[in-house]
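[1] Give me a model of this one.
(one chain, ligands or ions: 1)
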Amino acid sequence: MISIIGAGPAGSYTAYLLAKTGKKVQLFEKKKEVGKPIQCTGLVTESIKQFLELKKEFIKNKITKVKINSKNNSTTFNLKNPELVLNREKFDKHLVNLAIKAGAKLHLAHKFIQKQNNQLIFQTENGIKKIKTDILIGADGPGSNTAKLISKKKRKYILGMQAILKLKTAPTTYQVFLGKSYGTFSWIVPESENKVRAGTLSNNPRLFKEFISKLNGKITEYQAGPIPIYNNTKLQKDNIYLVGDAASQIKNSTGGGIIYSLSSAKILANSIIKKRNYQKDFNKKLKKELMAHKLINKILKRFKDKDYDTLIKFCSKQKVKNIIETADREKPLKMLLKLLLAEPRFILFTKKLFL
Ligand SMILES: Cc1cc2nc3c(=O)[nH]c(=O)nc-3n(C[C@H](O)[C@H](O)[C@H](O)COP(=O)(O)OP(=O)(O)OC[C@H]3O[C@@H](n4cnc5c(N)ncnc54)[C@H](O)[C@@H]3O)c2cc1C
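    Below is the predicted model of the structure:
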């Protein structure tokens with residue numbers, strides 16, 4: 001029996017992949033309903049198509065332009081492949097239904113507390129429940145209880161804070177704001193021509209408040225959640241595995257985790273089915289991309305407003321634009337190499353690593 005904790009994208013997709021090969025899978029979710037409350041902007045690249053068939057019901061909008069703003073500069077990219085804005089509630093429900101149809105058993109309102117030998121202990125509405133398992137997969141998000149069974153190393157987080165606003169906007173343009181007053185960055189992602197998801201990635205809530213108040217829209221909802229910072233996380237110990245946010249499989253430069261959760265779920269399911277070493281398979285296939293995001297984030301953290309102005313000046317060159325507009329943005333290493341060839345002055349930013 002394989003037990004998966006957490007019915008978010010990572011857990012449900014792993015459950016689906018394992019159940020469809022005939023494995024006995026049970027999926028435990030602490031909430032009474034999958035997909036609620038939403039704590040996500042839901043922006044993904046089209047590479048999500050590699051994992052599942054896209055249904056109209058969970059695509060809220062398509063983004064074809066990205067406008068990047070610094071204090072004194074801005075530039076717009078016309079994306080060859082649009083980015084998609086997901087309805088996370090519908091997306092998560094779709095994934096869990098795929099898992100159930102493939103044969104996984106879903107247990108709602110089961111909060112995983114701890115593991116004693118081969119027994120998992122859950123808090124349920126009817127009290128404590130003990131369930132036997134052979135394999136335990138922690139897909140229990142940023143505050144993962146399962147992760148504590150693998151490593152006691154303290155994790156670091158950054159806060160994603162977002163508001164849903166009624167605001168007139170160009171419906172297919174996603175805006176990014178860079179600079180000291182925007183944390184790691186701030187964003188406006190349109191859902192439609194009069195509704196946006198706007199937020200800030202920062203541990204300073206004041207920056208979020210100031211950003212949102214400047215937008216002058218009618219706020220209809222607030223959402224926030226911790227985003228784990230990827231730091232070469234240990235992924236397995238004996239028959240316990242981690243996937244998704246529980247494994248900090250996050251792009252440190254953007255806080256995005258949906259695509260890497262699905263990629264990692266695929267690697268994990270394959271490793272279990274073929275009795276391979278998950279950590280080694282993950283390191284071979286994804287670690288270097290996450291390390292590239294870690295490096296980009298390390299450099300950007302030391303940027304001043306004038307550095308962002310220079311970055312945007314370099315990005316405005318047509319040669320550079322062509323690369324950004326057409327590259328597979330899930331593969332930053334390849335993109336960075338091409339960018340360096342097109343604009344060698346990008347290398348100057350690496351000096352920040354030694355400050
Ligand atoms: C404000 C914000 C904006 C974001 N925007 C984007 C974006 O635009 N694009 C992107 O790619 N990523 C974004 N992310 C990150 C993205 O939401 C996560 O990377 C993604 O949800 C990870 O999926 P997951 O399945 O690993 O974890 P989760 O989606 O967190 O799912 C974990 C599940 O486990 C359950 N659970 C937790 N503990 C237990 C327990 N003890 N027992 C049982 N169940 C448990 C939870 O209830 C939850 O359902 C954003 C995050 C935030 C906070």
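
[2] Quick check: which element contains residue 321?
    helix 318-326 (DSSP states H and E).

[3] Next, the angle helix 318-326 makes with the helix or strand just after that helix.
    Reading on from helix 318-326 to the C-terminus, the next helix or strand found by DSSP H and E is helix 332-342. Here helix 332-342 runs at an angle of 160 degrees relative to helix 318-326 (axes from the mean of the first three to the mean of the last three CA atoms, to 10 degrees).

[4] Check what pLDDT the closest residue to the ligand within the stretch 1-150 of the chain gets.
    Among all residues of the stretch 1-150 of the chain, residue 8 sits closest to the ligand, at 2.1 Å; criterion: CB to the nearest ligand atom. (Each C-beta comes from the backbone N, C-alpha and C, glycine too.) What the model reports for residue 8 is a pLDDT of 98.

[5] I'd like to know how many residues surround it.
    25 (other CB atoms under 10 Å).

[6] Also residue 193?
    By the criterion of other CB under 10 Å, residue 193 has 13 neighbours.

[7] Quick check: it touching residue 166?
    No. When contacts are counted by CB atoms under 8 Å, residue 193 is not listed as touching residue 166 (10.8 Å).

[8] ok, for residue 149, nearest residue in space, not its chain neighbours?
    Using CB to CB, 6 or more residues apart in numbering and skipping the chain neighbours, the partner closest in space to residue 149 is residue 240 (5.4 Å).

[9] and the residue of the stretch 101-250 of the chain found nearest the ligand, what does it touch?
    Residue nearest to the ligand within the stretch 101-250 of the chain: residue 244 (2.2 Å; CB to the nearest ligand atom). Residues in contact with residue 244 (CB atoms under 8 Å, 6 or more residues apart in numbering) are 6, 8-11, 139, 141, 257, 260-261, 264-265.

[10] Then residue 352?
    298-299, 302-303, 307.

[11] just residue 175 next, same as before
    Residue 175 touches 66-69, 187-188, counting by CB under 8 Å, 6+ apart.

[12] host element of residue 160?
    strand 157-166.

[13] sorry, back to before: once you drop chain neighbours, what's closest to the residue of the stretch 101-250 of the chain closest to the ligand?
    Residue 244 sits nearest to residue 10 (CB to CB, 6+ apart), 2.5 Å away.

[14] Give the helix, strand or coil label for that neighbour.
    helix (DSSP: H, G, I helix; E, B strand; the rest coil).

[15] Next: residue 268.
    Applying three-state DSSP: residue 268 is helix.

[16] Would you mind measuring from it to the ligand?
    12 Å (CB to the nearest ligand atom, to the nearest Å).

[17] Burial check on that residue, number of neighbours?
    Count around residue 268 with other CB under 10 Å applied: 28.

[18] The one 4 residues further on now?
    Counted by other CB under 10 Å, the residues lying close to residue 272 total 20.

[19] Cheers, nothing more for now.
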